[in-house]
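> Predicted coordinates and the sequence they were generated for:
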Amino acid sequence: MNIFVGCLAFCAFAAAWPARADDPQNKVAPTPSDKIKTLGLLFERREVKQVELIYIPTNILTRTRISPEWLDKNFLYKLVVKEIPGSRIVEGFRTAVRKTVPTPLTERPDVRWGCVVRGPGSEKLFSIYLNSSGEEAVIDGEPAKVSPHLHKWLEDEIARCFQ
């Protein structure tokens, strides 16, 4: 009987123990911050084969919000970088994303910029879509409020390619 009670107590204790973030059995969904950190690892391991930057100008008015899915299909401008190592554009993108600090947001914003990172076989590894101010985003499907680093880089370095 004492062994049974001891086993039962141990099981209850083990079930209440918090899961480690790096545990493969951990079923907690990664946060947008986790996804940004993972993107850095994907670049380091040279798993990134393509970076796509898509855009629809803010002066184009729509009756409904532009979703990431709609922007993927109906963009006006798209820049695709396939030569990843040594690319000034990709290095600028990596630096800007690394500085991006997301916090949760409840509603998906109207997006105008999209950044899609693809791996072997064009598999989508990561995506971030920004609204016109760059303050709200959708990171791998999760809405987030973000710091302005990526948006500033897109406006300063990429927007002029689309004019």
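Yes, it's here. Numbers count the residues shown, from 1 in each chain.
> For residue 87, see how far away the residue sitting nearest the centre point of the chain is.
Residue closest to the average C-alpha location in the chain (Cα atoms, centre = their mean): residue 139, at 3.6 Å. Distance of residue 139 to residue 87, given as Cβ to Cβ, to the nearest Å: 22 Å. Just so you know, the C-beta spots here come from the backbone N, C-alpha and C atoms, and that holds for glycine as well.
> I'd assumed residue 127 was in contact with the residue nearest to the centre of the chain.
Yes: here residue 139 reaches residue 127: they are 7.4 Å apart, a contact under Cβ atoms under 8 Å.
> between the two, what contacts are shared?
Residues touching both residue 139 and residue 127 by Cβ atoms under 8 Å, 6 or more residues apart in numbering: none at all.
> show me where the chain has strands.
Listed in chain order, the strands found in the chain under DSSP state E are 50-55, 77-81, 103-104, 113-118, 124-130, 136-139, 142-145.
> ok, of those, where does mean pLDDT dip lowest?
Among the strands of the chain, strand 103-104 has the lowest mean pLDDT, at a mean of 92.
> okay, the strands of the chain, which one's buried deepest?
Burial of those is given as mean neighbour count (mean count of other Cβ atoms under 10 Å); strand 136-139 ranks first at a mean of 25.
> Listing partners with orientation, what would you give for it?
Strand 136-139 has the following strand partners under DSSP bridges: strand 124-130 (antiparallel), strand 142-145 (antiparallel).
> among these, which is nearest residue 34?
strand 142-145 (10.4 Å; Cβ to Cβ).
> Distance from the closest one to the middle of the chain?
Computed by Cα atoms, centre = their mean, to the nearest Å, the separation of strand 142-145 from the middle of its chain amounts to 9 Å.
> From the rest of the structure, what touches it?
31-32, 35, 102-109, 135-138.
> Distance check, the nearest residue to residue 80 once chain neighbours are set aside against residue 63.
Once flanking residues are discounted, residue 80 sits nearest to residue 52: 5.2 Å by Cβ to Cβ, 6 or more residues apart in numbering. According to Cβ to Cβ, residue 52 and residue 63 sit 26 Å apart.
> How about residue 121?
Distance from residue 121 to residue 63, by Cβ to Cβ: 36 Å.
> which residues does residue 162 contact?
Residue 162 is in contact with 55, 57, 76-77, 79, counting by Cβ under 8 Å, 6+ apart.
> Can you give me the distance of residue 137 to residue 121?
Distance, residue 137 to residue 121, using Cβ to Cβ: 26 Å.
> No further queries at this time; thank you.
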